[in-house]
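Q: build me a model:
(one chain, ligands or ions: 1)
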Amino acid sequence: MAVSSITTHRNFINGEWVASASGKTFENRNPANTDDLIGVFQDSNTADVDRAIAAAEHAYEDWRLVPAPKRAEILFRAAAMLVERKEQFARDMTREMGKVLNETRGDVQEAIDMTYYIAGEGRRMFGQTVPSELRNKFAMSVRQPLGVCSIITPWNFPMAIPSWKMIPALVCGNTIVFKPSSNTPLSALNFVSVLTEAGIPKGVVNMVTGDAEVGTPMTTDERVKVVSFTGSTRVGRLVNQAAAPTFKKVHLEMGGKNVVMIMDDANLELAVDGCLWGGFGTSGQRCTAASRVVVHEKVYRKFVDAFVTRAKALVVGDGLDPKTEMGPSNSDTQLQTVMRYVKIGQDEGAKAATGGRRLEGGAYAKGHFHEPTVFVDVDAKMRIAREEIFGPVVSVIPCKSLEEAIAIGNGVEYGLSASIYTQDINRAFQAMRDVYTGIFYVNAPTIGAEVHLPFGGTKHTGNGHREAGIAALEVFSEWKSVYIDFSGKLQRAQIDVEQV
Ligand code: NAD
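A: Model (predicted):
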């Protein structure tokens, strides 16, 4: 593509598209074909963040007073616009992120679902009204917004994840400084453009592109009240530490090492379908990816044979090609991580029953492609079975019982998603109770969350908050308890109870 046809995109601050004070830019390239330059974006710095926070702080004074149902009307309009532009946005996303079109359509759909669902909260946002312990006194609780929210997101769900955070923040009456991943800034820009066109007032949503130089001041600035971060556990820890001195509310969604447990009574065909989708969907680059499969020894060989055959047959290629079943890794860095872990697995003595190599030459020459890889006979203590790889690599681990499968499932530092394949209701409920994760599935893979239930994980995956569902409101609002005494005299709670 001729350089002259490449668009230079800008930051969005105080209702205007503006260049970074740094004077620097970065390129956004297609991971399936790095010759394809998608656009140029601002490589921003602290000065840009400072302006964006100032705009958000100023806009907050009015936005918090706009009635929530009115705020929601703008969000409903945004949802309708996302529906209209779904196909174009999905194509843009596949081009910059790599996952296949059906999945990027799903990503935009998730943003649509979330926007419609949470906009509905504009007319709910229920608090409690409770009887007072004293006469002629009224008691209730209401949600109040907090102020400026920093939203920091990864590249694997470039529109869905920003929507999980920004839409609840907005409906609650907060304002936003948003920093998307530098690997997928176009989808972020598409989302912000829609919000703006739908009528979000200037300064309420600001977007600054760039890397840690942008993210760090977003986590330390005194004017920021909430940080909502999704990304790696390593960076999440930095974010938590950076935000601690100013006591911000910090919401962290981080890494995963999710497990599918297959029992000896499972429908194996269904389990193979699930593991294929859970392990290799999004090229394994989902926080909920089924990267560990623990299989009962009685059905182990049968499962492995069928799973390896199916994994081997997956069509890898450009996500825009309708024949493609699995796209590239999102970046060279991510591909290098995959290759490093494949070597670690081999050095640990695990056996790659299929895959194990980068795909090169021909249609793969200019992209970050890797074979779907299945390690079999893996020991649960191996690093490939404990650490997040974030690529098309699945470790299959044999087990002797449900109890052992659960122990293996729980034996990692993460706690996002888990699943069991069994026909036995007792086993299903036992596993549901004893696996310590934020999400659990029965007879389905570890991926496939819906927007109206809480989403998030335990242990090193999260810090106790959840996105999606009503739980999202907890991150972006604070409770205020209100007492109205209409007795005309001093009434003392807990003390005047005798006279009541
Ligand atoms: P990452 O941690 O490298 O980056 C995430 C975001 O943080 C990016 O926008 C990045 O620019 C920014 N950042 C980097 N350094 C920063 C700093 N010092 N201060 C503030 N911000 C900083 O993660 P990634 O590679 O973009 O995404 C992959 C990771 O995200 C995986 O670990 C995956 O499991 C996780 N993830 C988790 C969930 C979940 O809900 N639990 C969902 C999707 C992805």
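
Q: please determine how far the nearest residue to Arg135 once chain neighbours are set aside is located from the ligand.
A: Distances taken as CB to CB, 6 or more residues apart in numbering place Val500 nearest to Arg135, at 5.9 Å, with adjacent residues excluded. For the C-beta atoms, the positions are set from N, CA and C on the backbone; glycine is no exception. Distance of Val500 to the ligand, given as CB to the nearest ligand atom, to the nearest Å: 49 Å.

Q: doesn't Val376 make contact with Ala385?
A: No. Using CB atoms under 8 Å, Ala385 makes no contact with Val376, being 11.6 Å away.

Q: what's the first-to-last distance across stretch 470-487?
A: By CA to CA, to the nearest Å, the extent of stretch 470-487 from end to end equals 36 Å.

Q: just the buried positions in it, please.
A: Within stretch 470-487, the residues scored as buried using 16 or more other CB atoms under 10 Å are Ile470, Ala472, Leu473, Glu474, Val475, Phe476, Ser477, Asp485.

Q: ok, these vs Met254, which is closest?
A: Val475 (14.9 Å; CB to CB).

Q: give me the secondary structure label for the closest one.
A: Put simply, Val475 is helix when judged by DSSP: H, G, I helix; E, B strand; the rest coil.

Q: residues touching it, list them.
A: Lys165, Pro168, Ala169, Val226, Ser228, Lys249, His251, His465, Arg466, Glu467 (CB atoms under 8 Å, 6 or more residues apart in numbering).

Q: ok, Glu325 - contacts?
A: Val100, Phe280, Leu314, Val315, Val316.

Q: so which strand or helix has the third one?
A: So that's Leu314. Leu314 is part of no helix or strand, with elements assigned from DSSP states H and E.

Q: neighbours around it, how many?
A: Neighbour count for Leu314, taken as other CB atoms under 10 Å: 17.

Q: tell me if I'm right that it and Pro372 touch.
A: Yes. Between Leu314 and Pro372 there is a contact under CB under 8 Å: 4.9 Å.

Q: what is in contact with the two at once?
A: Phe280, Met326.

Q: picking up where we left off before, how far away is the residue nearest to Arg135 from Leu490?
A: 14 Å (CB to CB, to the nearest Å).

Q: before we move on, what about Gln241?
A: In terms of CB to CB, Gln241 sits 46 Å off from Leu490.

Q: hmm, back to that, and which of the contacts of Glu325 is nearest Leu146?
A: Checking these one by one against Leu146 (CB to CB), the nearest turns out to be Val100, at 38.1 Å.

Q: give me the nearest residue to His460, chain neighbours excluded.
A: Glu413 (4.4 Å).

Q: the one you found: how many residues sit nearby?
A: 13.

Q: which residues touch it?
A: Contacts of Glu413 by CB under 8 Å, 6+ apart are Thr233, Lys257, Arg386, Lys459, His460.

Q: low pLDDT regions in the protein?
A: Where the chain drops to pLDDT under 70, the residues are 1-4.

Q: which bits of it sit near the ligand?
A: By CB under 6 Å from any ligand atom, the residues of the chain that approach the ligand are 152-157, 179, 181-182, 211-212, 215-216, 219, 230-232, 235, 238-239, 253-256, 287, 388, 390, 416, 457, 461.

Q: residues near Gly147, how many?
A: Count around Gly147 with other CB under 10 Å applied: 17.

Q: looking at the contacts of Glu413, which is nearest the ligand?
A: Closest to the ligand out of these is Thr233 (6.4 Å), distances taken as CB to the nearest ligand atom.

Q: in the chain, which spans are helices?
A: 46-63, 68-97, 101-119, 160-171, 185-198, 212-220, 233-243, 268-280, 300-312, 332-348, 402-410, 425-434, 471-476 (DSSP state H).

Q: tell me the most buried of those?
A: Comparing these by mean neighbour count (mean count of other CB atoms under 10 Å), helix 160-171 ranks first with a mean of 28.

Q: compute the inter-axis angle for that one and helix 185-198.
A: Relative orientation of helix 160-171 versus helix 185-198 (axes from the mean of the first three to the mean of the last three CA atoms, to 10 degrees): 30 degrees.

Q: out of the residues of the chain next to the ligand, which end up buried?
A: 152-157, 179, 181-182, 215, 219, 230-231, 235, 238-239, 253-256, 287, 388, 390, 416, 457, 461.

Q: go through these and flag which are in strands.
A: Ile152, Lys179, Thr230, Glu253 (DSSP state E).

Q: grab the nearest non-local neighbour of the first one.
A: Taking CB to CB, 6+ apart as the measure, Ile152 lies nearest to Phe229, with 4.6 Å between them; neighbours along the chain are not counted.

Q: and for the one you found, the neighbour number?
A: Phe229: 27 neighbours (other CB under 10 Å).

Q: equivalent analysis for Pro322, please.
A: 8.

Q: that one reaches Thr94, doesn't it?
A: No. The criterion here is CB under 8 Å, and Pro322 misses it with Thr94 at 11.2 Å.

Q: overlap in contacts, those two.
A: In contact with both Pro322 and Thr94: Leu101, using CB under 8 Å, 6+ apart.

Q: quick one on the thing from earlier: pipe the helices of the chain into CSV and attach distance to Arg10 per row.
A: Putting those into CSV (distance: least, CB to CB, whole Å) gives the following:
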stretch, distance to Arg10
helix 46-63, 10
helix 68-97, 17
helix 101-119, 22
helix 160-171, 18
helix 185-198, 9
helix 212-220, 14
helix 233-243, 25
helix 268-280, 37
helix 300-312, 43
helix 332-348, 26
helix 402-410, 46
helix 425-434, 48
helix 471-476, 27
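
Q: which residue packs closest to the residue of the stretch 1-150 of the chain found nearest the ligand, ignoring adjacent ones?
A: The ligand sits closest to Ser150 of the stretch 1-150 of the chain, with a gap of 8.5 Å, by CB to the nearest ligand atom. Leaving aside its sequence neighbours, Ser150 sits nearest to Met218 (CB to CB, 6+ apart; 3.9 Å).

Q: against Arg340, how distant is the one you found?
A: Using CB to CB, Met218 is found at 30 Å from Arg340.

Q: same check, this time on Gly39
A: 30 Å.

Q: re the thing from before, and the ones in strands among the buried ones among the residues of the chain next to the ligand, which two are furthest apart?
A: Every pair of these checked by CB to CB; the farthest is Lys179 and Glu253, at 15.1 Å.

Q: go ahead and confirm Arg310 touches Trp277.
A: No. Between Arg310 and Trp277 there is no contact under CB under 8 Å: 10.4 Å.

Q: just give me the longest strand of this protein.
A: Every strand in the chain considered (DSSP E), the longest is strand 33-42.

Q: CA atoms of that strand as CSV?
A: Backbone C-alpha positions of strand 33-42 (Å, rounded to 0.1, in the frame of the first residue of the first chain) are rendered in CSV as follows:
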residue,chain,number,x,y,z
ASN,A,33,1.0,-9.9,6.8
THR,A,34,3.4,-7.4,8.2
ASP,A,35,3.7,-5.6,4.8
ASP,A,36,0.1,-4.4,5.4
LEU,A,37,0.5,-1.1,7.3
ILE,A,38,-3.0,-0.4,8.8
GLY,A,39,-2.3,3.0,10.2
VAL,A,40,-0.1,5.3,12.2
PHE,A,41,-1.0,6.2,15.8
GLN,A,42,0.3,8.7,18.4
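
Q: nice, that's everything, thank you.
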